[in-house]
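Colleague: Provide a 3D model corresponding to the input given below.
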Amino acid sequence: MDRELTDNEGYAELINNLKQKIQTAQNRAILSVNRELVILYWEIGKSILDKQEKEGWGTKIIDNLSMDLRKSFPDMKGFSVRNLKYMQKFAKTYSNFEIVQELLAQLTWYHNLTLMEKIQNFNERIWYLNKTIENGWSRNVLVHQIELKLYKRQVLEKKTTNFDLTLQKPQSDLAKEMLKDRYVFEFLTIDELAREKEIENQLTKHITKVLLELGAGFAFVGNQYHLEIAQNDYYIDLLFYHLKLRCYVAIELKTGDFKPEYAGKINFYLSVIDDVLKTKQDNPSIGILLCKTKNRIIAEYALRDMNKPIGVSEYKLIARIPDELKHILPTIEKLESELESGLKKVGTGNNMLPNKKMKV
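Modeller: Numbers count the residues shown, from 1 in each chain. As a prediction, the model looks like this:
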């Protein structure tokens, strides 16, 4: 009888639903504990600051507090002198408790320490904070993005596009936010003289790391995406679908300087994609030209009269790490593993769409 029960479809559905509910509750409990811990640390830091200000106490108070708190809570970690000083700095850095409640409490204490120690500009710190929440970055991935100056490349640097002329708001603003002026492919094991095909093959081989550099929302469709037009064959280097922009994104790689004729070619590809692949629910497709270098003035003239949304960006390959330094640095595989874990939590960024051929 018991065997018959466990083989029953209704029972299987019940046990799967219960497992899901338990797992969801466990995740909520973990998030709740983390939230309460961050808020507690802020309150401790604020109390220390208030007493020092009102009573004129010096730094010795932290030594005494550390000793007494560890004596009162021997099983609880986090009350070292060093960590209490971090709590004090945390409360001083974020005097507005609403920010702590609404944003900072969504991250772990170690994420918050990383942002506080590595980013001095408040607006930049809040930007990284929001991106970490949005993308589910681990602490190591966050550090990686900070070291690659993601904020500067995606927010501060001027971008070369015709999005304002070819897209309606807010799509044009979202597209500009998506684009980086420079892309850094530090994970490629090739040198600066590599050919376009070699770079493309490496990018496809390391597609998860490419998705990390491109940003959240990109889903890989295929490389050397085949277009047959009037019995002629054409191939798009890399084709993606952007889940947030709801549009296809075609990327063409160029190992040299930007040339005006590149804009005409990708404009042609976008016309075909919009005519054959794009559905009524999709927004206009976007093209990105990735060049080794670009002259901004020439690129802007080339894009001005194009009728499809196109951006021109540079890419950079990082020199290989000397063997004697490799053992002290986190591996790309470790960063990739943490990225995949974060993407599973947010449900975007590493989605794969089936590769299709288009024939016109």
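
Colleague: Run through this protein and note the low-pLDDT ranges.
Modeller: In the predicted model of the chain, residues 1-11, 14-15, 18, 24-31, 59, 188-195, 318-360 satisfy pLDDT under 70.

Colleague: now with 50?
Modeller: 1, 319, 321, 348-352, 354, 356-357 (pLDDT under 50).

Colleague: so where's the longest helix in it?
Modeller: Secondary structure assigned by DSSP state H gives helix 9-55 as the longest helix of the chain.

Colleague: could you point out which element follows it?
Modeller: helix 60-72 (DSSP states H and E).

Colleague: all strands of the stretch 101-250 of the chain, in order?
Modeller: 160-161, 182-184, 218-229, 232-242, 247-257 (DSSP state E, counting those that start in this stretch).

Colleague: Just name the most buried of these.
Modeller: Scoring the strands of the stretch 101-250 of the chain by mean neighbour count under mean count of other CB atoms under 10 Å gives strand 160-161 as the most buried, with a mean of 24. Bear in mind the C-beta positions are built from the backbone N, C-alpha and C, glycine included.

Colleague: Give the other helices and strands that that one contacts.
Modeller: Strand 160-161 sits against helix 296-304, strand 310-316, with contacts defined as 3 or more CB pairs under 8 Å, 6 or more residues apart in numbering; DSSP states H and E.

Colleague: excluding its backbone neighbours, what's nearest the residue most central in space within the chain?
Modeller: Centroid check for the chain by CA atoms, centre = their mean gives residue 215 as the closest residue, at 4.4 Å. Nearest in space to residue 215, with sequence neighbours left out and distances taken as CB to CB, 6 or more residues apart in numbering, is residue 178 at 6.3 Å.

Colleague: what's next to stretch 301-316, contact-wise?
Modeller: Contacts of stretch 301-316 from elsewhere in the structure, counted by CB atoms under 8 Å, 6 or more residues apart in numbering, are 159-163, 165-167, 172, 175, 179-185, 253, 258, 260, 262-264, 266-267, 270-271, 274, 284-294, 299.

Colleague: I figured the residue nearest to the centre of the chain hits residue 154, correct?
Modeller: Yes - assessed by CB atoms under 8 Å, residue 215 is found in contact with residue 154 at 7.5 Å.

Colleague: follow-up on the earlier one: list only those of the contacts of stretch 301-316 flagged as buried.
Modeller: By neighbour count, with 16 or more other CB atoms under 10 Å, the contacts of stretch 301-316 hold 159-163, 166-167, 172, 175, 179-185, 253, 258, 262-263, 266-267, 270, 274, 284-292, 294, 299 as buried.

Colleague: Between residue 215 and residue 154, which contacts overlap?
Modeller: Joint contacts of residue 215 and residue 154 (CB under 8 Å, 6+ apart) are residue 180.

Colleague: burial of residue 36, as a residue count?
Modeller: Neighbour count of residue 36, defined by other CB atoms under 10 Å: 11.

Colleague: mind checking how far it is from residue 101?
Modeller: Using CB to CB, to the nearest Å, residue 36 is found at 11 Å from residue 101.

Colleague: For those two, list the residues in contact with both.
Modeller: Overlap of the contact sets of residue 36 and residue 101 (by CB under 8 Å, 6+ apart) is empty.

Colleague: Helices along the stretch 51-200 of the chain, start to end?
Modeller: For the stretch 51-200 of the chain, the helices defined by DSSP state H, counting those that start in this stretch cover 60-72, 81-93, 97-102, 109-118, 122-135, 139-147, 150-151, 163-166, 171-178, 196-205.
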